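Engineer: Sequence and predicted structure, then a few things I'm wondering about:
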Amino acid sequence: MNAPVPTPIASPDPVAGSRAAPASATPRYARLDALRGVAMVWMTVFHFCFDLAFFRLIHQDFYRDPVWTWQRSAIVSLFLLCAGMGQAVALAQGQTAERFWRRWGQIMVCALLVSLGSWVMFPRSFISFGVLHGMALMLILVRFGFSRLSNRWLVLLGLVAVLLPLWVAHPFFDARTTNWVGLVTHKPLTEDYVPLLPWLGPMLWGCALMRTQAVQALLQRPLPWVLKPLGVLGQWSLSYYMLHQPVLIGALMGAKALGWF
């Protein structure tokens with residue numbers, strides 16, 4: 001029988017808090033925040049290299065080279081794993097529907113801004129269903145459906161979600177209006193693509209992991225002081241996610257205007 005998540009764990013924020021919880025709130029799991037912070041740092045390094053290639057300062061193929069495509073998959077998986085763990089925490093803490101929908105609305109607004117910004121920079125390959133779009137849909141499915149299942153079912157359905165696109169594909173799902181399902185015959189032309197399948201799998205696994213006593217015990221341990229900056233970064237992950245690329249691109253554009261390269 002699956003062990004329930006104890007009430008006093010981590011943030012009730014489905015993605016991550018945009019601000020630290022007040023002292024009167026239930027305590028955060030700093031180690032979960034730090035894990036999210038690791039994903040943010042890794043993502044920043046990845047995007048900085050991507051931006052260098054975009055400005056032709058390095059020559060790398062981010063669309064086909066396994067060195068980069070596998071890193072992208074690992075980063076997205078880590079993000080969604082943390083999101084699933086966070087949603088398990090939110091449910092255990094009795095997060096109200098109002099707070100859920102408020103945070104969900106923030107995620108969705110950010111997703112739309114990502115689509116708009118990418119359309120300005122990449123009009124032919126703008127992001128119509130990236131990581132934030134996918135996360136918004138998956139959080140609804142987990143909160144109002146899959147979270148009622150046992151851990152065994154979560155792990156099994158996560159495995160089905162990951163494997164199904166390898167077995168099933170149809171041209172119907174190749175259109176921009178339907179490719180969010182993930183059963184495409186070829187990857188669409190877009191700068192970021194995180195469809196429901198297979199990416200629901202890592203979120204379901206994260207939810208199941210957070211409901212096990214071993215993971216809870218590990219994340220309850222104090223965070224070493226040297227890793228505390230990662231914990232702080234993890235608490236502000238949504239804000240950081242939205243700001244890091246404009247800052248990186250702006251810095252490179254400024255350096256180019258100054259003739260530094």
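Structural biologist: On my side now, so go ahead. Residues are numbered from 1 along each chain as shown.

Engineer: So for the helix or strand that contains R31, mean pLDDT?
Structural biologist: If you go by DSSP states H and E, R31 is part of helix 30-54. Regarding helix 30-54, the rounded mean pLDDT is 96.

Engineer: Just checking, which helix or strand succeeds that helix along the chain?
Structural biologist: Downstream of helix 30-54, the first helix or strand assigned by DSSP H and E is helix 66-92.

Engineer: Buried residues in that next one, which are they?
Structural biologist: 68, 71-72, 75-92 (16 or more other CB atoms under 10 Å). Where C-beta positions appear, they are placed from N, C-alpha and C, glycine not excepted.

Engineer: Go ahead and report the secondary structure state at G94.
Structural biologist: Assigned with DSSP: H, G, I helix; E, B strand; the rest coil, G94 falls in the coil class.

Engineer: Could you check the pLDDT of it?
Structural biologist: 86.

Engineer: helices or strands up against the helix holding R31?
Structural biologist: Secondary-structure packing of helix 30-54 (3 or more CB pairs under 8 Å, 6 or more residues apart in numbering; DSSP states H and E): helix 66-92, helix 213-220, helix 228-235, helix 237-257.

Engineer: can you give me the angle the first one makes with helix 237-257?
Structural biologist: Computed by axes from the mean of the first three to the mean of the last three CA atoms, to 10 degrees, the angle separating helix 66-92 from helix 237-257 equals 150 degrees.

Engineer: quick one: average pLDDT of stretch 157-172?
Structural biologist: Stretch 157-172 carries an average pLDDT of 97.

Engineer: mind listing what's buried in it?
Structural biologist: 157-158, 161-162, 164-165.

Engineer: Same question for stretch 121-140.
Structural biologist: So, applying 16+ other CB under 10 Å, buried residues of stretch 121-140: 125-139.

Engineer: likewise stretch 241-261?
Structural biologist: For stretch 241-261, using 16+ other CB under 10 Å, the buried residues are 241-242, 245, 248-249, 252.

Engineer: Please tabulate the buried residues of stretch 157-172 in a markdown table and include secondary structure as additional columns.
Structural biologist: Shown next, in a markdown table, are the buried residues of stretch 157-172 (three-state DSSP):
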| residue | secondary structure |
| --- | --- |
| L157 | helix |
| G158 | helix |
| A161 | helix |
| V162 | helix |
| L164 | helix |
| P165 | helix |
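
Engineer: of all those, which comes closest to W42?
Structural biologist: Looking at the buried residues of stretch 157-172 and their distance to W42, the nearest is V162, at 20.7 Å (CB to CB).

Engineer: tell me the contacts of the closest one?
Structural biologist: By CB atoms under 8 Å, 6 or more residues apart in numbering, the residues touching V162 are 197-198, 201.

Engineer: Tabulate the residues you listed in TSV, adding columns for pLDDT and distance to V109.
Structural biologist: What follows is the contacts of V162, written out as TSV (pLDDT from 0 to 100; distance: CB to CB, whole Å):
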residue	pLDDT	distance to V109
L197	98	25
P198	97	26
G201	98	26
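
Engineer: filter those to the buried ones?
Structural biologist: For the contacts of V162, buried by 16+ other CB under 10 Å: 197-198, 201.

Engineer: picking up where we left off before, nearest to P171, of the helices and strands packed on helix 30-54?
Structural biologist: Per CB to CB, nearest to P171 of the helices and strands packed on helix 30-54: helix 66-92, 23.4 Å.

Engineer: Can you name the element that comes right after the helix or strand where E98 lies?
Structural biologist: E98 is part of helix 97-121 when elements are defined by DSSP H and E. Next in sequence after helix 97-121, counting helices and strands by DSSP H and E, comes helix 131-144.

Engineer: Please find the angle between the direction vectors of that following helix and helix 30-54.
Structural biologist: Using the same axes, to 10 degrees: helix 131-144 against helix 30-54 is 150 degrees.

Engineer: what's helix 131-144 packed up against?
Structural biologist: Using 3+ CB pairs under 8 Å, 6+ apart, the elements in contact with helix 131-144 are helix 66-92, helix 97-121, helix 196-210.

Engineer: Okay then, goodbye and thanks.
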